[in-house]
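1. need coordinates for the below:
(one chain, ligands or ions: 1)
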Amino acid sequence: MSEPQKAFSEMTKAKDKIIVPLDVETAGEARKIIDEIGNEVGAYKIGLQLFTSAGAGFVREVVASGVKLFLDVKFHDIPNTVAKASIEVARLGVWMFNLHALGGSEMMRRTLEEVAEFCEKEKLQRPKIIAVTVLTSSTDETLAETGIGGKVNEQVLNLAELTAKCGLDGVVASPLETALIRENIENKEFLIVTPGIRPSFATNDDQKRVMTPKEAVESGSDYLVIGRPITKAQDKLAAVKRILAEIEE
Ligand code: C5P
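-> Here you go, the predicted structure:
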């Protein structure tokens, strides 16, 4: 591959790693963000706020427009309920969705099995299913007050290992725990999706445990969820380009 070609392919790869969360109240605001940034990032994320306000209809609209969508629903319920809700998520045609690893192995295995079976029957691409380990807002004290002993990083690794054993596609974790997960999980295809990313030009907002995009990629993150540094920027596309340049430098 010639140098310019190589640079182009690396650029494409960096771009594909970025997921922009649509953390807004209305479908109209979300459409504006997608229109402005377009295909310059790999995917977009709809979380509980927008899903609750704009609903499944908006998810269908975004998917139909050709956008890769991560539905951040963080399911945690009895195995039957999560499996059946997940089939409905698969029916929406999203690229990826998640559940809480704390729901346990039966919940994760059953969800994977039922979604895979449904997608095969309906000839749909199975969405990637990833598990939340420990929320980045949780501390050792948060775990202790809910009766979970030990430290956050031990619990993250424990839940990441359980997720991998259940055959799920990956986990959501803080970038600070990415290297630990990478070192301990045999499956090198196991995806690690990390929020809590702050480019060198941005403020931390309320994120406490952050890394730059470059550091996160170097420590083994496959996908970086980067919100406010992009969505609150005056020129969102320029912010994306600065981030890509930082990753590549
Ligand atoms: O604006 P910012 O880059 O902080 O947005 C991060 C996104 O990642 C938000 O949508 C937030 O809900 C999500 N997230 C997070 N920490 C987690 C899981 C998800 O910040 N542990």
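2. and the strands in this structure?
-> 18-21, 43-46, 69-75, 96-100, 128-132, 170-172, 191-194, 223-225 (DSSP state E).
3. by contact count, what packs against the fifth one?
-> Helices and strands touching strand 128-132, by 3 or more C-beta pairs under 8 Å, 6 or more residues apart in numbering; DSSP states H and E, are strand 96-100, helix 105-122, helix 152-165, strand 170-172, strand 191-194. Yep, even glycine has a C-beta here, placed from its N, CA and C like the rest.
4. now it: average pLDDT?
-> Here strand 128-132 scores 98 as its mean pLDDT.
5. for residue 220, give its distance to residue 77.
-> 30 Å (C-beta to C-beta, to the nearest Å).
6. just want to know which of those two has more residues nearby.
-> The neighbour comparison of residue 220 against residue 77 (other C-beta atoms under 10 Å) goes to residue 220, with 18 against 14.
7. for the ligand, give me its nearest residue in the chain.
-> Proximity of the chain to the ligand (C-beta to the nearest ligand atom) peaks at residue 227, 2.4 Å away.
8. residues in contact with that residue?
-> Listed by C-beta atoms under 8 Å, 6 or more residues apart in numbering, the contact partners of residue 227 are 20-21, 23, 195.
9. near the ligand, which residues of this structure?
-> Residues of the chain lying close to the ligand (C-beta under 6 Å from any ligand atom) are 21, 23, 47, 135-136, 172, 195-196, 205, 207, 225-228.
10. if we use 8 Å, what do you get?
-> Residues of the chain lying close to the ligand by C-beta under 8 Å from any ligand atom are 21, 23, 45, 47, 72, 74, 132, 134-137, 172-174, 195-198, 205-207, 225-232.
11. give me the buried subset of these.
-> Neighbour counting by 16 or more other C-beta atoms under 10 Å classes 21, 23, 45, 47, 72, 74, 132, 134, 136, 172-174, 195-198, 207, 225-231 among those as buried.
12. and for residue 150, the neighbour number?
-> By other C-beta under 10 Å, 11 other residues sit near residue 150.
13. in contact with the residue nearest to it when sequence neighbours are not counted, which residues?
-> Nearest non-adjacent residue to residue 150, counting by C-beta to C-beta, 6 or more residues apart in numbering: residue 143, 7.0 Å away. By C-beta under 8 Å, 6+ apart, the residues touching residue 143 are 134, 149-152, 155.
14. what's the most distant pair in those residues?
-> Greatest spatial distance among these (C-beta to C-beta): 134 and 149, at 13.2 Å.
15. I am finished for the moment; much appreciated.
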